[in-house]
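> Return a 3D structure for these sequence lines:
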Amino acid sequence: MRQRGQTPFLQRRARGDGGFGAETGKRRWVKYEIKRSIELGKGLLGIDISKIRDPRGKTDTKGPNPLPSGYPLYQWNNDDGRANIGTWIETAAILAGR
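Here you go, the predicted structure:
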């Protein structure tokens, strides 16, 4: 269920999914939702998903990190995202004081 004041992107961030590829940082909604997450004291983390294959077997190129400096940044493939995402989310929550 969507909480008041949360966009779908914020909901995904709260659950820890959603990452960034080549075009992510250019999207105005991404910029807005990062800003809003910071205002709400949400934990943020960046996950580079550029090397994850889509259903057609293609990958994206790595884009710039859309988060302000100081927020953790992980690479899904190189940092074993499947095994470590829970730890990444917990770390982001702790850094946000949650």
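
> ok, which stretches of the protein are strands?
For the chain, the strands defined by DSSP state E occupy 46-48, 73-75.

> Which one, of those strands, ends up nearest to residue 84?
With CB to CB, the closest approach to residue 84 among the strands of the chain belongs to strand 73-75: 7.4 Å. C-beta here means a position set from N, CA and C on the backbone, and glycine is covered the same way.

> Within the sheet, what are the partner strands of the closest one, with directions?
strand 46-48 (parallel) (DSSP bridges).

> circling back to that earlier point, okay, the strands of the chain, which one's buried deepest?
Neighbour counts (mean count of other CB atoms under 10 Å) averaged over each of the strands of the chain peak at strand 46-48, with a mean of 21.

> got the contact list for it?
18-21, 62, 65-67, 71-76, 81, 85, 88 (CB atoms under 8 Å, 6 or more residues apart in numbering).

> Check this structure for its longest helix and report it.
Criterion DSSP state H: the longest helix present in the chain is helix 81-95.

> ok, back up a step: now distance to residue 27 too, for the strands of the chain, in JSON lines please.
Compiled in JSON lines, the strands of the chain are given as follows (distance: least, CB to CB, whole Å):
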{"stretch": "strand 46-48", "distance to residue 27": "14"}
{"stretch": "strand 73-75", "distance to residue 27": "18"}
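
> Now render those strands as TSV, adding distance to residue 54 and mean pLDDT.
TSV is the format used below for the strands of the chain (distance: least, CB to CB, whole Å; pLDDT from 0 to 100):
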stretch	distance to residue 54	mean pLDDT
strand 46-48	15	88
strand 73-75	17	91
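
> Select, out of the ones you listed, the one closest to residue 37.
strand 46-48 (11.9 Å).

> So residue 37 versus residue 55, what's the distance?
28 Å (CB to CB, to the nearest Å).

> Tell me which of those two has more neighbours.
Using other CB atoms under 10 Å as the criterion, residue 37 and residue 55 rank with residue 37 on top: 21 against 5.
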